[in-house]
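sequence plus the predicted model coming up.
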Amino acid sequence: MKKRIILRFKRNTIDKPVVYRLVKDFDLVFNILRATILPRAESMMVMEIEGTEENFAKGIEYLRRLDVDTEPIEQDISRDETRCVHCGICTSVCAPEALHIDRNTMKVEFNYERCVACELCVRVCPVKAMNVFFE
Ligand code: SF4
Ligand code: SF4
């Protein structure tokens, strides 16, 4: 399985070799998609993690024990469907094509599984339909 999650590190956990242990102890492959490291405040990392379901669950449990909060990316990034007017502007800034135009319906689809949480769509959306909650 492959999953994108958001990790939040409190000040006392940022210096721990968390990523190293995920690889070594739980055989998980990871890709850091975004990181905001603030030594004096809460830090945040968006990661894609790949491994067996069992190892993934053990890795998440390990992070919880370390007091690192984890959330699936879809919990923190969403589109307000009542606001979106399918203008397509966001698709021009979304490099991983998480936002793309369905040529059959001509509607803009949002696939959070491709999202890297760059927030560019939030800045360009004229009706503020894209929401990011992890700041
Ligand atoms: S820019 Fe905003 S309104 Fe336009 S398609 Fe994207 S989310 Fe919808
Ligand atoms: S935050 Fe928006 S622009 Fe960035 S990858 Fe996700 S959907 Fe695309």
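Now that the structure is in, tell me what you want to look at. Numbering: from 1, shown residues only. Ligands and ions are numbered 1, 2, ... in the order given.

contact residues of the chain facing ligand 2?
Residues of the chain lying close to ligand 2 by CB under 6 Å from any ligand atom are 77, 93-94, 96, 98-99, 115-121, 130. For every residue, glycine as well, the C-beta is placed using N, CA and C.

in ChimeraX, how would I select just the buried ones from the residues you listed?
For the buried members of the residues of the chain next to ligand 2, the matching ChimeraX selection, counting by 16 or more other CB atoms under 10 Å, is:
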select :77,94,98,99,115,116,117,118,119,121,130
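
hmm, what's the outermost residue in this protein?
Most distant from the centre of the chain: Asn104, at 28.0 Å, with distances by CA atoms, centre = their mean.

now the residue positioned nearest the centre of the chain, nearest residue through space, not along the chain?
The residue lying closest to the centre of the chain (CA atoms, centre = their mean) is Ile73, at 3.9 Å. Spatial nearest neighbour of Ile73, chain neighbours left out: Arg4 (4.2 Å); criterion: CB to CB, 6 or more residues apart in numbering.

how many residues are close by the one you found?
20 (other CB atoms under 10 Å).

list the buried ones in the helix or strand it falls within?
Here Arg4, judged by DSSP states H and E, is contained in strand 2-9. For strand 2-9, a neighbour-count test (16+ other CB under 10 Å) marks 4-9 as buried.

state the mean pLDDT of that strand.
For strand 2-9, mean pLDDT is 88.

longest helix of this protein?
Taking DSSP state H as the criterion, the chain has its longest helix at helix 53-65.
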